[in-house]
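A.B. asks: okay, structure incoming, though there's no sequence with it:
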């Protein structure tokens, strides 16, 4: 019997850098009003994923139903879960918070809904077919019974993930000789200067350094067993105990996974992908995203009318 797999799409972000009143995840970039998620879902379905679960906010459900329900729901099984700021353990209900707690809390919202191996992605990134195939192959493969939680991530080439419209933040990865992830270093202000790749020395710094454009980076795409969601519950409680009163603190998947690896509770295999990323962080990115779609159509990667 084949293993069922689910694609989880994190689409609850406020999109504050995208423009007042706009939902970047629902802004068309394709020739037939395809949105950025259409291309990820198309690739995921081709790679073998059986279902899509969207993590959204309740206040954008109507817009999602209009854009998603009428089209994507006809192509693959879909469902929703909601990321809510107030969705915290009872003893932390008194914490003041105006926005969700980050990507870790987003995936935690899938508890009880996602019971099969899954991959999780951002709603505003197009990762390329190769990443979905490699993550799906990992999810349906046999894993060692050694008491560890086994995860995977596609390792993108840093130079393939730069933005034409400003700097980006990336998790620069270190792996051992067996391609097992050993560390993720959040790196800020990454941009190209001629044939060099430059980053800030640290977040908020006014000094820069050159970094290797051939480095592997995380694009927040992870392949996980279903029990990873339950483990996030305990991790979230620990996070709230330590950082819950810090304004703007975020419970982020790369940090959680990094910590689990360092404690020996999990491992994560890095599988290189050479596809070129594109996405939409700001309004300016829309022109580049539309151009990337047009090039992929011209190259035969996607049909002009995605869903036929």
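C.D. replies: Noted; the coordinates are in hand. Keep in mind it's a predicted model, so treat the numbers as computed, not measured. Residues are numbered from 1 along each chain as shown.
A.B. asks: strands along the stretch 1-150 of the chain, start to end?
C.D. replies: With DSSP state E, counting those that start in this stretch as the definition, the stretch 1-150 of the chain shows strands at residue ranges 6-10, 51-56, 77-82, 118-122, 125-126, 149-157.
A.B. asks: next up, the contacts around residue 74.
C.D. replies: residue 307 (Cβ atoms under 8 Å, 6 or more residues apart in numbering). Heads up, the C-betas are built off the backbone N, CA and C, glycines and all.
A.B. asks: let me know the pLDDT of it.
C.D. replies: Per-residue pLDDT puts residue 74 at 87.
A.B. asks: now swap in residue 70 and tell me
C.D. replies: With respect to pLDDT, residue 70 scores 69.
A.B. asks: what does residue 97 give?
C.D. replies: 88.
A.B. asks: which non-adjacent residue is nearest it?
C.D. replies: In this structure, residue 97 finds its nearest non-sequential neighbour in residue 85, 4.9 Å apart by Cβ to Cβ, 6 or more residues apart in numbering.
A.B. asks: again, but for residue 162
C.D. replies: residue 192 (5.5 Å).
A.B. asks: just residue 92 next, same as before
C.D. replies: residue 240 (4.8 Å).
A.B. asks: again, but for residue 128
C.D. replies: Residue 128 sits nearest to residue 275 (Cβ to Cβ, 6+ apart), 2.7 Å away.
A.B. asks: so that neighbour sits against residue 132, correct?
C.D. replies: No - shown here, residue 275 and residue 132 do not form a contact pair, counting by Cβ atoms under 8 Å, at 9.7 Å.
A.B. asks: those two: which has the busier surroundings?
C.D. replies: Higher neighbour count among residue 275 and residue 132: residue 132, with 28 against 20, using other Cβ atoms under 10 Å.
A.B. asks: settle this for me: that one is touching residue 47, isn't it.
C.D. replies: Yes - under the criterion of Cβ under 8 Å, residue 132 is in contact with residue 47, at a separation of 3.8 Å.
A.B. asks: follow-up on the earlier one: quick check: the residue nearest to residue 97 vs residue 8, distance?
C.D. replies: As for residue 85, its distance to residue 8 is 19 Å (criterion: Cβ to Cβ, to the nearest Å).
A.B. asks: of those two, who's got more company?
C.D. replies: Using other Cβ under 10 Å as the criterion, residue 85 and residue 8 rank with residue 8 on top: 24 against 14.
A.B. asks: which residues does the more buried one bridge with?
C.D. replies: Residue 8 has these beta-bridge partners by DSSP bridges: residue 53, residue 120.
A.B. asks: can you check residue 217 too?
C.D. replies: residue 156, residue 172.
A.B. asks: which residues sit in contact with the spatially closest residue to residue 306 that is not a sequence neighbour?
C.D. replies: Once flanking residues are discounted, residue 306 sits nearest to residue 34: 5.1 Å by Cβ to Cβ, 6+ apart. Applying Cβ under 8 Å, 6+ apart to residue 34 gives the contacts 28, 293, 306.
A.B. asks: and which of those residues is nearest to residue 184?
C.D. replies: Closest approach between those and residue 184, by Cβ to Cβ: residue 293, at 29.2 Å.
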